[in-house]
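Peer 1: no sequence for this one, just the structure:
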Ligand code: B12
C-alpha cells in the first residue's frame, strides 16, 4: 500500500507530471504524479497521507538534491509542475462543508520570492474552511498587501517566504502592516520561518502547516 505513496513521491522527485509527459525520458509512457494521485484517492488513501508521504516527501528530496548540486532550477520547476498538477485532485477534500463565511483572508508570497506551492496549498485549505481567500500571488510588495487590507477591513493576512533572504522582506511587510493596521492578524509560514522569528518580527501566528493556520483562524473568528 505504501508503494503507491512512494510512486507519487518518486514522480514529484523526478518531475514526472503525467502519462503524456515525455520527461523524464526513462519514465516515458508511465503514469505520473497526476494519475498516481487519482489512483491513491480511489484506493482510499487519505488526502493528508498523499500530501505528507507523497508530495512533501518527494519535494524534500528535491530540496536535498538541489542543495547537493545534483539537480538545478529546471528540474525543480518540473517537480513543482508535477506537484501543482496533482494537488488539484486534493482540493475537493479540503472543503469543510460549512456554508457560513468566516471572513476574508489575504495571502501572498513576500517580495522577491517566487515560491508559491506552499502558499497555494495554504490558500486552498483555508478557502475550504469557510474563508474568502484573496490570493495576491508571489513576489508581492508591501504596498500591494496594504492596499488590499484597506479594501477589506477586518480581514486576516497570511505571508509566505521560502528563502532566508526574503524573510527580511517578510519582516518589513509585517512592520508596515502593523503600523497602519494595529489590530490586523498576520500569520506567517514557509520552510525557513519558525515561531521565534514570528514573534521577533511582531507577527501573530506561525503556521508550520495549513492545518494549524485553519485552527488558529477558527479560534479568532469565533465571535
Ligand atoms: C520547488 C522549489 C523551487 C521552484 C518553485 C516553483 C513554484 N512554483 O513554487 C523554483 C524552481 C522557482 C525555485 C527557485 C529558487 N529556489 Co527553490 N525550492 C523549491 C523546493 C524544492 C520546494 C519548495 C516547495 O514547494 N515545497 C513544498 C511546499 C508544500 O512546502 P512549503 O512551501 O514549505 O509550504 C508548507 C509550509 O511551509 C506551509 N506554508 C508555507 N507558506 C505558508 C504561508 C501561510 C500563510 C501558511 C498558513 C502556511 C504556509 O504550508 C505548506 C504545507 O505544509 C525547496 C526545497 C524545500 N524542500 O522546501 C527549494 C528551496 C526553497 N529553494 C531554494 C533556492 C536557493 C532557490 C533559488 C534561489 C535557486 C536559484 N539559484 O535560482 C530560486 C529562488 C527564486 C526566487 N526568487 O524565489 C533553497 C532556499 C535556501 C535558503 N535557505 O534560502 C531551497 C530550500 C532548496 C535548497 N535546499 O537549497 N525553487
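Peer 2: Sure, I can see it. The shown structure was predicted, so the numbers you read here are calculated from the model rather than taken from an experiment.
Peer 1: which residues touch the closest residue to the ligand within the chain?
Peer 2: Proximity of the chain to the ligand (C-beta to the nearest ligand atom) peaks at residue 118, 2.1 Å away. From N, CA and C alone the C-beta is placed, and that goes for glycine too. Contacts for residue 118 (C-beta atoms under 8 Å, 6 or more residues apart in numbering) come out as 160, 162, 189, 190, 191.
Peer 1: Neighbours of the second one, how many?
Peer 2: Pointing back at residue 162 there. 23 (other C-beta atoms under 10 Å).
Peer 1: That one in helix, strand or coil?
Peer 2: coil (DSSP: H, G, I helix; E, B strand; the rest coil).
Peer 1: doesn't residue 192 make contact with it?
Peer 2: Yes. Contact criterion C-beta atoms under 8 Å: residue 162 and residue 192 qualify, at 6.8 Å.
Peer 1: tell me which parts of the chain are close to the ligand?
Peer 2: Within the chain, the positions lying close to the ligand (C-beta under 6 Å from any ligand atom) are 56, 59-60, 62-63, 66-67, 73, 76-77, 79-80, 107, 112-119, 121-122, 158, 160, 162-164, 187, 189-192, 207, 209-210, 213.
Peer 1: Now do the buried residues in the longest strand along the chain.
Peer 2: In the chain, with assignment by DSSP state E, the single longest strand is strand 103-109. Buried residues in strand 103-109, counted by 16 or more other C-beta atoms under 10 Å: 104, 105, 106, 107, 108, 109.
Peer 1: Once you drop chain neighbours, what's closest to residue 90?
Peer 2: residue 47 (4.6 Å; C-beta to C-beta, 6 or more residues apart in numbering).
Peer 1: With pLDDT and distance to residue 98 as added columns, please give the buried residues of strand 103-109 in TSV.
Peer 2: Below are these laid out as TSV (pLDDT from 0 to 100; distance: C-beta to C-beta, whole Å):
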residue	pLDDT	distance to residue 98
104	97	15
105	98	14
106	98	20
107	98	19
108	98	24
109	98	27
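Peer 1: Can you list the low-confidence ranges for this structure?
Peer 2: 1, 99, 222-223 (pLDDT under 70).
Peer 1: those helices in it, which residues are they?
Peer 2: 2-14, 33-42, 47-49, 57-67, 73-87, 117-127, 142-151, 167-180, 195-200, 210-221 (DSSP state H).
Peer 1: can you redo these as JSON lines with distance to residue 93?
Peer 2: Converted to JSON lines, the helices of the chain look like this (distance: least, C-beta to C-beta, whole Å):
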{"stretch": "helix 2-14", "distance to residue 93": "15"}
{"stretch": "helix 33-42", "distance to residue 93": "8"}
{"stretch": "helix 47-49", "distance to residue 93": "4"}
{"stretch": "helix 57-67", "distance to residue 93": "19"}
{"stretch": "helix 73-87", "distance to residue 93": "11"}
{"stretch": "helix 117-127", "distance to residue 93": "10"}
{"stretch": "helix 142-151", "distance to residue 93": "28"}
{"stretch": "helix 167-180", "distance to residue 93": "30"}
{"stretch": "helix 195-200", "distance to residue 93": "28"}
{"stretch": "helix 210-221", "distance to residue 93": "13"}
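Peer 1: how deep is residue 64 tucked in, by neighbour count?
Peer 2: Residue 64 has 12 nearby residues by other C-beta under 10 Å.
Peer 1: Please report the distance of it from residue 76.
Peer 2: Distance of residue 64 to residue 76, given as C-beta to C-beta, to the nearest Å: 12 Å.
Peer 1: List the buried residues for stretch 161-181?
Peer 2: For stretch 161-181, burial by neighbour count (16+ other C-beta under 10 Å) applies to 161-163, 166-167, 169-171, 173-174, 177-178, 181.
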